[in-house]
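>>> Have a look at this prediction, sequence included:
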Amino acid sequence: MVVGDILTHNNMRFPDKLGLVDERLRLTWGQVNGRVNRLANAMLGLGVKKGDRVAILSENCVPFAEILFAVAKLGVIGVGLNYRLTSKQLQSVIADCTPKAIFVENRFDHIIKDIQSQMDSVELIVGLGPSHHCPYDYETLQAQYPSNELTIQVEEQDIFILLYTSGTTGAPKAVPITHKARVIESLLLATVYRCSSNDVAMLGPALFANGGQTLFFNYCAMGMGIVVVPFVGKIVAELCEKEKVTCMTVVPIRYQIIRDYLNTCSQTYDLSSITKVLIGAAQPCPYDKLKEIMEFFGVSYSLQTYGMTETAGPAICLLPEEVAAGMRPDATWKERQRINSVGKPLLGLQVRVVDEADNDVPAGQVGEILLKGDTVMSGYWKKLELNQQVLRGGWYHTSDLGMLDEDGYLYFVGRKDFQIHTGGIFVTPAEVEDVIARHPAVNEVAVIGLPSERWGEEVTAIVVPKEGAVVSEAMIEDHCRKTLAGFQVPKHVYFRNDLPKHPEYGRIQVKELQRIYQKK
């Protein structure tokens, strides 16, 4: 089974059922299949052939989703381009993947125009939306070709898409996702998301990233209706009400977007159709925040996931019934504690926690998280030396630190790269952050290591106080000394109004904090 089969199946089973929706288009699965076939035939007619790369620079919209399926049916390799990158960064990515064609949304066509002379491999530029300045127009091009199914042979092991990721550190690198990995991940998630063809989903993450594509194809595999729009408060609220959305995926930063809009706008929206809220794989969501999100949407169904681009999506999941058990007022200590975990591996995936010599550590001990399974990548694009390092022994070395408890639940602790080496001892930032976060005046906190002649690195806390709270460096230090060892207590505490975060996943950008505070 390959990715294109998902759409072919939906066309056969649900031709008249709601398929894809954005601000301009509302299509059944039958209509989507016809448009995708016309697009694939258009690309074929313009010389794009199996194995070529086709890049997409766009925010979430129905055409983006259609391009992904057209790429799948044609057997070419898609490339998701991050529209938040600078022109220079995009130029570097394009030089690395050498696409033959680029689809670009009208609001970004000026970027492509600026770097067009450096895009030696690109022969076809297609504009999405009105008033673009590209040589070809998406809707016009599509209308000129037939809607018959293609007969190109696409294999499970063929690369479906290249997804560029920098993780939390380092320069962007491409992860090749095969058709097999994408299909397996979509079907695996169907077993834990507990959605059905009767559900309508609001796609939260961006489609250029793995998180958005993982959810999108999972929703498609279940025949759901899918709202595909940029995650803007007004747009999301209007379409949730209009399409009676039942399922929404959020991370804290997207929850904050919709919450802030609903709390400040003058209009009232009916979002009572939402019954399922999924917490995406950015970073573990603490109990208090999870409780706040569920109460805000008035739902009792939620789950949490842990994964990465290198695993084609979530690899580990805390099931809805496990979340519900931990949220009950009469929850046992163990049930409540599990809310802080990311759960257990999905079917077919294996997890280990190891020491520096790749030996398994005992339950309750922190080590590096290793993953193995059919959805785990076989290596980065054009990165032979790096692949030998991160895939040694047949296991993907995540550089994430974690701990397995005696029941097999995984607890994410932090990044191996971000361990603080102070006075010859390693300090895990998450352990210090957990203590500081319990202070009643603290809204958010990040703990980093800063260079020190005496200690090598100094434990440093960056704190966002709660609105109206009075808190000082001495108060935070005193609070820490009640729980932490002396070497773990921050040597410095800085206060600010917010923390720099990844705009898509809400992950705190540690390197940016280190850059800012190394100057102080």
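Here it is on my side, so go on.

>>> all contacts plus neighbour counts: C-alpha atoms, from now on.
Noted.

>>> What is the distance between stretch 26-37 and the centre of its chain?
Stretch 26-37 sits 26 Å away from the centroid of its parent chain (Cα atoms, centre = their mean, to the nearest Å).

>>> what pLDDT, on average, does that stretch get?
In this model, stretch 26-37 has an average pLDDT of 98.

>>> So what touches it?
When contacts are defined by Cα atoms under 8 Å, 6 or more residues apart in numbering, stretch 26-37 is touched by residues 7-8, 10-12, 14-21, 66-67, 69-70, 73, 142, 146-150.

>>> Give me the subset of those residues lying in helices.
7-8, 10-12, 66-67, 69-70, 73, 142 (DSSP state H).

>>> ChimeraX command for the buried members of those residues?
Buried members of the ones in helices among the contacts of stretch 26-37, defined by 16 or more other Cα atoms under 10 Å, are picked up in ChimeraX with:
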select :7,8,10,11,66,67,69,70,73,142
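
>>> Single out whichever of the ones in helices among the contacts of stretch 26-37 has the smallest pLDDT.
Across those, the smallest pLDDT goes to residue 142, namely 91.

>>> Ramachandran coordinates for residue 419?
phi -60, psi 140 (degrees, to the nearest 10).

>>> correct me, but it touches residue 427?
Yes. Between residue 419 and residue 427 there is a contact under Cα atoms under 8 Å: 6.0 Å.

>>> okay, these two: which has more neighbours?
Under the criterion of other Cα atoms under 10 Å, the comparison of residue 419 against residue 427 puts residue 427 first, with 20 against 17.

>>> so who does the residue nearest to the more buried one when sequence neighbours are not counted touch?
Distances taken as Cα to Cα, 6 or more residues apart in numbering put residue 420 closest to residue 427, at 5.0 Å, once the chain neighbours are dropped. Counting by Cα under 8 Å, 6+ apart, residue 420 makes contact with 426-429, 448-449, 457-459.

>>> Among these, which are located in strands?
426-427, 448-449, 457-459 (DSSP state E).

>>> Show me which pair in the residues you listed is furthest apart.
Greatest spatial distance among those (Cα to Cα): 426 and 448, at 12.2 Å.

>>> Please say which of the two ends up with more neighbours.
residue 448 (26 against 13).

>>> Surely that one touches residue 463?
No. Applying Cα under 8 Å, one finds residue 448 not in contact with residue 463, separated by 11.2 Å.

>>> Tell me, how many residues neighbour residue 437?
Residue 437, neighbours per other Cα under 10 Å, totals 18.

>>> Contact partners for it?
Contact partners of residue 437, counting by Cα under 8 Å, 6+ apart, are 443-445.

>>> tell me the contacts of the closest residue to residue 354 other than its chain neighbours?
Spatially, and ignoring its direct neighbours in sequence, residue 354 is nearest to residue 360 (4.3 Å; Cα to Cα, 6+ apart). Residue 360 makes contacts with 352-354, as judged by Cα under 8 Å, 6+ apart.

>>> now the residue nearest to residue 509 when sequence neighbours are not counted: how far from residue 510?
By the measure of Cα to Cα, 6+ apart, the closest residue to residue 509 outside its immediate chain neighbours is residue 501, 5.1 Å from it. In this view, residue 501 and residue 510 are 9 Å apart by Cα to Cα, to the nearest Å.

>>> go on, residue 475?
From residue 475 to residue 510 the distance is 24 Å (Cα to Cα).

>>> Compare these two and say which one has the larger neighbour count.
Higher neighbour count among residue 475 and residue 510: residue 510, with 19 against 13, using other Cα under 10 Å.

>>> Can you name the residues in contact with stretch 379-386?
Looking at what lies outside stretch 379-386 - Cα under 8 Å, 6+ apart - the contacts are 162, 173-176, 387, 391.

>>> How far away from the center of its chain is that stretch?
Worked out by Cα atoms, centre = their mean, stretch 379-386 lies 22 Å from the chain centre.

>>> which secondary structure elements does the helix or strand where residue 368 lies contact?
Residue 368 belongs to strand 367-373 when assigned by DSSP states H and E. Contacts defined by 3 or more Cα pairs under 8 Å, 6 or more residues apart in numbering; DSSP states H and E place strand 367-373 against strand 349-354, strand 396-404.

>>> Please enumerate the strands of the stretch 201-350 of the chain.
Taking DSSP state E, counting those that start in this stretch as the test, the strands found in the stretch 201-350 of the chain are 225-227, 247-250, 276-279, 301-308, 313-318, 344-345, 349-354.

>>> hmm, back to that, could you list the alpha-carbon positions for the following helix or strand past the strand holding residue 368 in PDB?
As assigned by DSSP H and E, the chain's next helix or strand after strand 367-373 is helix 384-390. What follows is helix 384-390, C-alpha atoms only, in PDB (Å, rounded to 0.1, in the frame of the first residue of the first chain):
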ATOM      1  CA  LEU A 384      26.300   9.300   5.300                       C
ATOM      2  CA  GLU A 385      28.700  10.100   8.200                       C
ATOM      3  CA  LEU A 386      25.900  11.400  10.400                       C
ATOM      4  CA  ASN A 387      23.700   8.300   9.600                       C
ATOM      5  CA  GLN A 388      26.500   6.000  10.800                       C
ATOM      6  CA  GLN A 389      26.500   7.900  14.100                       C
ATOM      7  CA  VAL A 390      22.800   8.200  14.800                       C
END
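
>>> Give me the neighbour count for the closest residue to residue 83 other than its chain neighbours.
Distances taken as Cα to Cα, 6+ apart put residue 57 closest to residue 83, at 6.0 Å, once the chain neighbours are dropped. Here the count is done by other Cα under 10 Å, and residue 57 has 27 residues near it.

>>> any idea of the pLDDT on residue 57?
On the pLDDT scale, residue 57 gets 97.

>>> now residue 49
94.

>>> and the gap between it and residue 72?
Taking Cα to Cα, one finds residue 49 at 12 Å from residue 72.

>>> Which one of the two is surrounded by more residues?
Between residue 49 and residue 72, residue 72 has the larger neighbour count (other Cα under 10 Å), namely 26 against 17.

>>> among the helices and strands packed on strand 367-373, which gets the worst mean confidence?
strand 396-404 (a mean of 93).

>>> elements contacting that strand?
When contacts are defined as 3+ Cα pairs under 8 Å, 6+ apart, strand 396-404 sits against strand 349-354, strand 367-373, helix 384-390, strand 410-415.

>>> now for those, which one comes closest to residue 190?
Closest among the helices and strands packed on strand 396-404, using Cα to Cα: strand 349-354, at 15.2 Å.

>>> which residues of the stretch 51-200 of the chain score low on pLDDT?
Within the stretch 51-200 of the chain, the stretches with pLDDT under 70 are 166-172.
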